[in-house]
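Engineer: coords below, sequence missing:
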């Protein structure tokens, strides 16, 4: 059985990467979602093993010490990370695994897993990104300014990804990401057995 691909998706806040990932998972159930581990308490309605792997702080620290995480970060006193074992199990089963993560985490994953497929979601422009963030109506003026400044700084990190996808419309951006994932499955080096089989 061929190993699956690790698909890593990042992009500045407000680019719609979460919406693209949700659409992708609904339309392509053969793609599995990587569930993060966290030490924070479950919120109402959240389920262990579906939303997160809810983990005691001591257990999480042990995972760090034992190199059991692809990447991890501490956010507001809580730890978040990506367990390696779960991903390796799904990939070994021939499944493509989707990991939606910030750029810092993605670059840490790339150091340990350079063979992954790294896709960076971009807004059509910073002006359009500002419009989208304002339309959400959930951010203060200070927060909007901070997000836009972070996006302007972060966009340059896109050069470290395999693919750049501009989210002008969610439908076309989702289709583009799906096409990239499909194409990656047919890379020559992943299918040398086909050449061998036919040439015999």
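Structural biologist: Great, that's in hand. Owing to the predicted nature of the structure, the values given are computational and were not obtained by experimental measurement.

Engineer: okay, CA-based contacts and neighbour counts for the rest of this
Structural biologist: Fine.

Engineer: mind giving me the domain ranges of the chain?
Structural biologist: Taking automatic domain parsing as the reference, the chain has its domains at 1-31+97-200, 34-95.

Engineer: What backbone torsions are found at the closest residue to residue 48 other than its chain neighbours?
Structural biologist: Nearest in space to residue 48, with sequence neighbours left out and distances taken as CA to CA, 6 or more residues apart in numbering, is residue 54 at 5.9 Å. The phi/psi pair for residue 54 (degrees, to the nearest 10) reads phi -80, psi 120.

Engineer: Next one: the most centrally placed residue in the chain, what pLDDT does it get?
Structural biologist: Compute the mean C-alpha point of the chain, and by CA atoms, centre = their mean the closest residue is residue 100, 2.0 Å away. Listed pLDDT for residue 100 reads 92.

Engineer: tell me, how many neighbours does the residue lying closest to it once chain neighbours are set aside end up with?
Structural biologist: Counting by CA to CA, 6+ apart, residue 9 is the residue found nearest to residue 100 once chain neighbours are left out, at 4.8 Å. Residues lying near residue 9 (other CA atoms under 10 Å) number 24.

Engineer: picking that back up, how far away is the residue nearest to the centre of the chain from residue 13?
Structural biologist: 12 Å (CA to CA, to the nearest Å).

Engineer: what do you get for residue 83?
Structural biologist: As judged by CA to CA, residue 83 and residue 13 stand 24 Å apart.

Engineer: Strands along this structure, start to end?
Structural biologist: Here the chain has its strands, by DSSP state E, at 6-10, 32-33, 37-38, 53-54, 69-75, 78-83, 97-100, 117-122, 163-166.
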